[in-house]
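Asker: From the sequence below, what's the structure:
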Amino acid sequence: MKPIHILLVEDNEGDILLTQEALEDAKIVTQFSVTRDGKEAIDFLTQQGKYQHVNLPALILLDVNLPLKNGYEVLRFIKAHETLKLIPVIMLTTSSSKRDMDEAYDNQVNCYITKPVEINDFITVITAIENFWISIVELPEKKEVVYNKR
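Answerer: Okay, here's the model as predicted:
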């Protein structure tokens, strides 16, 4: 099994640390990147500013409630771009609202998961995400992305 690059778009420091911890405990080697708001996520994905030399992720874990641009704005941006739309996006959020879930699926999210409140349950969910999306799912090969870098 080859390594995978996961981008976590999350503003809650506790959830970032728990996700990182769960991924580090897994047997599969991964590259783990974090952006803390929607604008930063878009900069990362378009390799702008301090992200000029980053590798694009193979999987994105995206929160709904983010500063600057919310998760839906980021999701719409991803799914509107020919190359980025191939990257699976998992909406990982505290919201269990039907409206939020419907909006995510209307915007072509690949999966919607409500974050468990209990720490052990949260770690179990992250481990299940990693096991499924890395061990079972065939992810598309990355295409070269070219943006006008200024």
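
Asker: Relative to Glu21, how far out is Gly14?
Answerer: Distance check for Gly14 against Glu21: by CB to CB, to the nearest Å, it reads 11 Å. All C-beta spots, glycine's among them, are computed from the backbone N, C-alpha and C.

Asker: The two: which is more packed in?
Answerer: Legend: neighbour count by other CB atoms under 10 Å for Gly14 and Glu21, higher for Glu21 (13 against 10).

Asker: Leaving out chain neighbours, which residue sits closest to that one?
Answerer: Closest residue to Glu21 apart from its sequence neighbours, by CB to CB, 6 or more residues apart in numbering: Ile123 at 7.2 Å.

Asker: What strand or helix carries that neighbour?
Answerer: helix 119-130 (DSSP states H and E).

Asker: and that helix, what's its mean pLDDT?
Answerer: Averaged across helix 119-130, the pLDDT comes to 84.

Asker: Over to stretch 40-48?
Answerer: Here the average pLDDT along stretch 40-48 is 96.

Asker: and the residue nearest to Glu21, what does it touch?
Answerer: Residues in contact with Ile123 (CB atoms under 8 Å, 6 or more residues apart in numbering) are Leu18, Glu21, Ala22, Asp25.

Asker: Let me know the closest of these to His5.
Answerer: Ala22 (16.2 Å; CB to CB).

Asker: Report how many residues lie close to the closest one.
Answerer: Counted with other CB under 10 Å, Ala22 comes out at 19.

Asker: Can you show me the CA trace of the helix holding Ile123 as CSV?
Answerer: Listed next in CSV are the C-alpha coordinates belonging to helix 119-130 (Å, rounded to 0.1, in the frame of the first residue of the first chain):
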residue,chain,number,x,y,z
ILE,A,119,-12.6,11.2,22.0
ASN,A,120,-12.4,7.4,21.5
ASP,A,121,-15.3,7.5,19.1
PHE,A,122,-13.6,10.3,17.2
ILE,A,123,-10.4,8.3,16.9
THR,A,124,-12.4,5.3,15.7
VAL,A,125,-14.0,7.4,13.0
ILE,A,126,-10.7,8.8,11.7
THR,A,127,-9.2,5.3,11.7
ALA,A,128,-12.2,4.0,9.7
ILE,A,129,-11.9,6.8,7.2
GLU,A,130,-8.2,6.0,6.7
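
Asker: I'm done for today, thanks for sticking with me.
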